[in-house]
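[1] Provide a 3D model corresponding to the input given below.
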Amino acid sequence: MIEKYPRDWDGHEWEQFSLRLVRERHGAENVQPIPARVKGDLGIECITTDGCVYQSYAPEETGDTGKAASAMRAKANRDLNKLIKNKDKILQLLAGIEIRRWIMLCPFLDDKDVVKTVAKKASEIQTAGLRFLTSDFRGLVHCQEDFSKEIEKIRLEACGTTLALKTPDADEISDTGNAIDETLDQKIGRGFPQLDPEQAANRKRRFLGTHIRAENALEQLKRDAPELWEKATMAIALEEDRLETSGPVSGATGDLLTSEQDRLYQALSAALPTLEANAIRAIAIGQLGTWLIECPLDFAASQNSASQ
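    So this is what the prediction gives:
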């Protein structure tokens, strides 16, 4: 069983997901994102028409509670100070809206001292005489648990949506290949003995590319629809068990790979009836590369030299 809400987030991905959560809660027509690309960050990521401003933050350290809390406190102090530093720009952006809540939205909240720090700093800011703050202005810290209804809605919507199938670039393929060169080279040599070195290298890049694309798709599924991710990983695990108990396969390599791909595609289709066919096919194809890398799938030493 996976954790209910993932803790590890890329900063940009968390920013986008946070904005989606805020839009789900307040209504997209009531939320104004504030771009930071031109003239920097004002300490505000978005404004709602009912007087809430949000600033998202995903700590790089997620395993050490103390370090994560320290980073969150520092972030809150920096950004709340920006309300004073950028008061004239913010006043223009608000166009008459008064801020009643400043909310730092994080993937998780483990330490109550973060709440104390934000509340204290917001109280200090409130006394600075900023014209756009209400008399009951408060600073809060929210996390995914505070948006459980919104996350559940997003996850239900994800059950019928399309996964973003990203093709890995050359650097990603090279970095992955460097870690498992020998294992994959040996298997390609056994499965495709007729290939010359350049053809073998191209075949390896193909396997690595499909492996990375499938891993990315599964990671997206894990984050957006964990129930579907669990079903997918169970279907993959059952097929993997079958391969591991069977040992190296024999016969024409191309036929064997097609057969394994089709078996996994059918298993995933049965487990994930709401996921689009292209996503299921991409995961099935990529899983063959994963199995070659991680050893469940191997070829007998003597293969049909005509197989492709």
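[2] Keeping just the C-alphas, turn the longest strand along the chain into CSV.
    Of all segments of type strand in the chain, defined using DSSP state E, the longest is strand 133-142. Extracted C-alpha coordinates of strand 133-142, given in CSV (Å, rounded to 0.1, in the frame of the first residue of the first chain):
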residue,chain,number,x,y,z
LEU,A,133,-4.7,43.7,4.8
THR,A,134,-7.9,43.2,6.7
SER,A,135,-8.1,43.7,10.4
ASP,A,136,-8.4,39.9,11.0
PHE,A,137,-5.5,39.0,8.6
ARG,A,138,-4.0,35.7,9.5
GLY,A,139,-1.1,33.5,8.2
LEU,A,140,-1.8,29.7,7.9
VAL,A,141,-0.1,26.6,6.7
HIS,A,142,-2.1,24.0,4.8
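[3] partners of that strand in the sheet?
    Sheet pairing of strand 133-142 (DSSP bridges) gives strand 99-105 (parallel).
[4] moving C-terminal of the strand it pairs with, what's the next helix or strand?
    Using DSSP states H and E, the helix or strand that follows strand 99-105 in sequence is helix 112-126.
[5] just checking, what packs against that next one?
    helix 65-85, strand 99-105, strand 133-142 (3 or more CB pairs under 8 Å, 6 or more residues apart in numbering; DSSP states H and E). Heads up, the C-betas are built off the backbone N, CA and C, glycines and all.
[6] Which one of the ones you listed lies nearest to residue 266?
    The closest of these to residue 266 is strand 99-105. By CB to CB, the value is 41.1 Å.
[7] low-confidence ranges in this protein?
    Scanning the chain for pLDDT under 70 picks out 1-3, 37-40, 157-182, 246-251, 295-308.
[8] in it, which spans are strands?
    31-33, 46-48, 52-56, 99-105, 133-142.
[9] now these in JSON lines, with mean neighbour count and distance to residue 218?
    JSON lines is the format used below for the strands of the chain (neighbours: other CB atoms under 10 Å; distance: least, CB to CB, whole Å):
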{"stretch": "strand 31-33", "mean neighbour count": "16", "distance to residue 218": "29"}
{"stretch": "strand 46-48", "mean neighbour count": "21", "distance to residue 218": "30"}
{"stretch": "strand 52-56", "mean neighbour count": "24", "distance to residue 218": "24"}
{"stretch": "strand 99-105", "mean neighbour count": "22", "distance to residue 218": "26"}
{"stretch": "strand 133-142", "mean neighbour count": "16", "distance to residue 218": "28"}
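[10] what about the ones you listed, which gets the closest to residue 214?
    strand 52-56 (28.6 Å).
[11] Okay, angle between that closest one and helix 65-85 too, please.
    Taking axes from the mean of the first three to the mean of the last three CA atoms, to 10 degrees, one finds strand 52-56 and helix 65-85 inclined to each other by 130 degrees.
[12] just use 26 as the starting number from now, easier for me
    I'll keep to 26 as the first residue from here, and by that count the last item is strand 77-81.
[13] What strands line up against strand 77-81, and which way round?
    The sheet places strand 77-81 alongside strand 71-73 (antiparallel), strand 124-130 (parallel), with pairing taken from DSSP bridges.
[14] Quick test: name the residue nearest the centre of the protein.
    Nearest to the mean C-alpha position of the chain, by CA atoms, centre = their mean, lies residue 245 at 5.1 Å.
[15] list the contacts for the closest residue to residue 85 other than its chain neighbours?
    Excluding the flanking residues, the one nearest residue 85 by CB to CB, 6 or more residues apart in numbering is residue 96, at 7.2 Å. When contacts are counted by CB atoms under 8 Å, 6 or more residues apart in numbering, residue 96 touches 84-86.
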